[in-house]
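>>> Need a 3D model of the sequence below.
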Amino acid sequence: MPEAEDWAQMLGAVERGESPPVDWGLLQHRADVLGAVQQASDEQLLRARTVLLGLRMFYGLYAMHALFMPDTPALAALRAKIDELGMFPILDHVIALSPSPRHFAEGLAVGLEPLFDGLYETLVEQLTADSALFQLPGDEAGAAGFHGDVDPHPA
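Residues are numbered from 1 along each chain as shown. The predicted structure follows:
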């Protein structure tokens, strides 16, 4: 099992593009991710679920840009906040859009962590500051104009 210094070197090399991706499976194999879920209170589990589902939404919005979803200032600001914090690679690893029961439990364990709770709160604050996610600049049709084939003023 690699020591903390080894993990730091591997992660640093990945960030600099100097090595293949980190073997996350090795870390997961050694981590007790389900124990935290089993020991959490009902309130903690509800909050973890809120964080997990919220982060899934933010991850999806980020990933949709890569799939050529039209961009808006609010979507760009959310992506910029995630990038500023360097969290996309981590979200990309922990978020499953169609999780198995084990993966969902692992996601709940992630949602229990203060780091991810804080990320969720930061992104909610960004969304609150600029909630026009689907408002293209200069388009008065709002979300209907975002799709492109909806006539906001039918005859």
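>>> ok, Ala48 - contacts?
Shown in contact with Ala48 (Cβ atoms under 8 Å, 6 or more residues apart in numbering): Val37, Ala40, Leu108, Ala109, Val110, Gly111, Leu112. Placement of C-beta: from N, CA and C, glycine included.
>>> Select from the residues you listed every entry located in helices.
Val37, Leu108, Ala109, Val110, Gly111, Leu112 (DSSP state H).
>>> so which of those would you say is closest to Ile90?
Distance to Ile90, by Cβ to Cβ, is smallest for Val110 among the ones in helices among the contacts of Ala48, at 9.0 Å.
>>> Which residue is the nearest non-sequential neighbour of Val124?
With sequence-adjacent residues excluded and distances taken as Cβ to Cβ, 6 or more residues apart in numbering, Val124 is closest to Gly54, at 6.9 Å.
>>> Number of residues surrounding Phe134?
Using other Cβ atoms under 10 Å, Phe134 has 18 other residues around it.
>>> my guess is it meets Thr72, correct?
Yes - at 6.5 Å, Phe134 counts as touching Thr72 under the criterion of Cβ atoms under 8 Å.
>>> Okay, now the unreliable bits of this protein?
For the chain, the stretches with pLDDT under 70 are 1-4, 6-7, 11, 14, 19-34, 96-98, 136-155.
>>> now the helices: where do they sit in it?
4-15, 24-30, 33-39, 42-66, 73-84, 88-94, 101-112, 114-129, 143-147.
>>> Comparing the ones you listed, which comes out most buried?
helix 101-112 (a mean of 18; mean count of other Cβ atoms under 10 Å).
>>> before we move on, the earlier item: report the contact partners of the residue nearest to Val124.
Per Cβ under 8 Å, 6+ apart, neighbours of Gly54: Tyr120, Leu123, Val124.
>>> between the contacts of Ala48, which is nearest Val94?
Using Cβ to Cβ, these come closest to Val94 at Val110, 5.0 Å.
>>> The closest one reaches His93, doesn't it?
No - using Cβ under 8 Å, Val110 is not in contact with His93, being 9.6 Å away.
>>> Look at Arg16 and say how many residues are nearby.
Applying other Cβ under 10 Å, we find 8 residues neighbouring Arg16.
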